[in-house]
Every structure is written in C-alpha cells, then in structure tokens.
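Novice: here you go, sequence then predicted model.
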Amino acid sequence: MDVYLDTEFTDFTNARLISLGMVAANGETLYLEINDTWTRADCSEFVREVVLPLLEGGEHACTAAEADRRTRAFLERVAAESGVMLISDSEIDLVLLVRVWGEAGKPAVGTDAAVITLGMPQEMAREDAYEALQLRRHHALDDAIALKRGRLMSGA
C-alpha cells in the first residue's frame, strides 16, 4: 500500500525531526510531533515563524521512542499482504524517519521507499488541495495529504 510521508524539521544543516505526517492510500493517517530531540534554539528563523505555530501538541506529542513504536504500528496496520511503499517528495523525509527507527532501521513489514517529483499537472493538483481541503502549508500531515492528492492526479 502506498503511504505518503512528509516531515517538518529544525533546519537543513543539522536536521532534527519536529513532526511527521503519513497518509495511506486507504485514507488512514498518522500525525506525530517529536518533543525530545530538538529545542526552539535548534530551529531556523523560518521554522520558528512558520512551522512551530502549526504544532498541535496533545495526543500528537511524543518522544522519539514513542514515535518509533507508533510509526511501526501504523505501517504494520496498513501494510496488509503487499507491504508498504513510502512516498515522499524529499529524501530528507525518509532519512528522518529512518533515524526515528534507530538501529533497527526498518519496521517489521516489508517497506520500500520512493522520492517522487510531481509534474506540472500533479503539482497544480497538490497546490489546489491546499485551498480545496483547507490544508496548512508546512504542517506535516497536511503536506502529506496534498502530496497524495497531487500524485493521484497522475494516475500512478
């Protein structure tokens, strides 16, 4: 099953995961905010001004160890018999997720990953999703939902 992934992180020089969003092809979602591996001082000015105000806290806030457990459980639940294809528009998203998984590296389910580039029609569909679905840019789950919508426009 395809699972679309997006992350938000501190900065590009020393990226530390702040939040991650996943949306499966069947519509199931996971949104987590990791609260024990970064500080506000680690964040770029852009992240402090744009990303941090979108954090929701509450049930979404967790430690990196809890994020490891929750992402594995989510992927195992949606994997069915066909495994999981993680789809992101940036390699950094995949790198940060693997860091969450620590030394094990991958969840127990068969997981492959792909970094995709959307063509102009698909990119326009992703852009339209922000307005049509009232999604927030730079919110990991909303960005994953927009990526899914854009990719589905390609018929892939």
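Specialist: Received, thanks.
Novice: who's in contact with the nearest residue to V78 once chain neighbours are set aside?
Specialist: Spatial nearest neighbour of V78, excluding adjacent residues (Cβ to Cβ, 6 or more residues apart in numbering): A24 at 4.3 Å. Every C-beta, even on glycine, is put in place using the N, C-alpha and C of the backbone. Residues near A24 by Cβ atoms under 8 Å, 6 or more residues apart in numbering: M1, D2, V3, Y4, V78.
Novice: one more: Y130?
Specialist: R136, R137, D142, A146.
Novice: so when I look at it, I'm seeing a helix, right?
Specialist: Yes: judged by DSSP: H, G, I helix; E, B strand; the rest coil, Y130 forms part of a helix.
Novice: top of the contacts of A24 by neighbour count?
Specialist: Y4 (28 neighbours; other Cβ atoms under 10 Å).
Novice: that residue contacts R149, doesn't it?
Specialist: No: at 9.1 Å, Y4 does not count as touching R149 under the criterion of Cβ atoms under 8 Å.
Novice: mind listing the strands for the chain?
Specialist: 2-9, 17-24, 29-34, 61-62, 84-88, 111-115 (DSSP state E).
Novice: what's the first one packed up against?
Specialist: Right, strand 2-9. strand 17-24, strand 84-88, helix 91-101, helix 140-152 (3 or more Cβ pairs under 8 Å, 6 or more residues apart in numbering; DSSP states H and E).
Novice: change it to 10 Å
Specialist: If you count contacts as 3 or more Cβ pairs under 10 Å, 6 or more residues apart in numbering; DSSP states H and E, strand 2-9 packs onto strand 17-24, strand 29-34, helix 64-79, strand 84-88, helix 91-101, strand 111-115, helix 140-152.
Novice: roughly how far out does that strand sit from the chain middle?
Specialist: 2 Å (Cα atoms, centre = their mean, to the nearest Å).
Novice: remind me which residues of this structure are low pLDDT?
Specialist: 81, 103-110, 154-156 (pLDDT under 70).
Novice: at 80 what do you get?
Specialist: Scanning the chain with the threshold set as pLDDT under 80 gives 80-82, 103-117, 120, 153-156.
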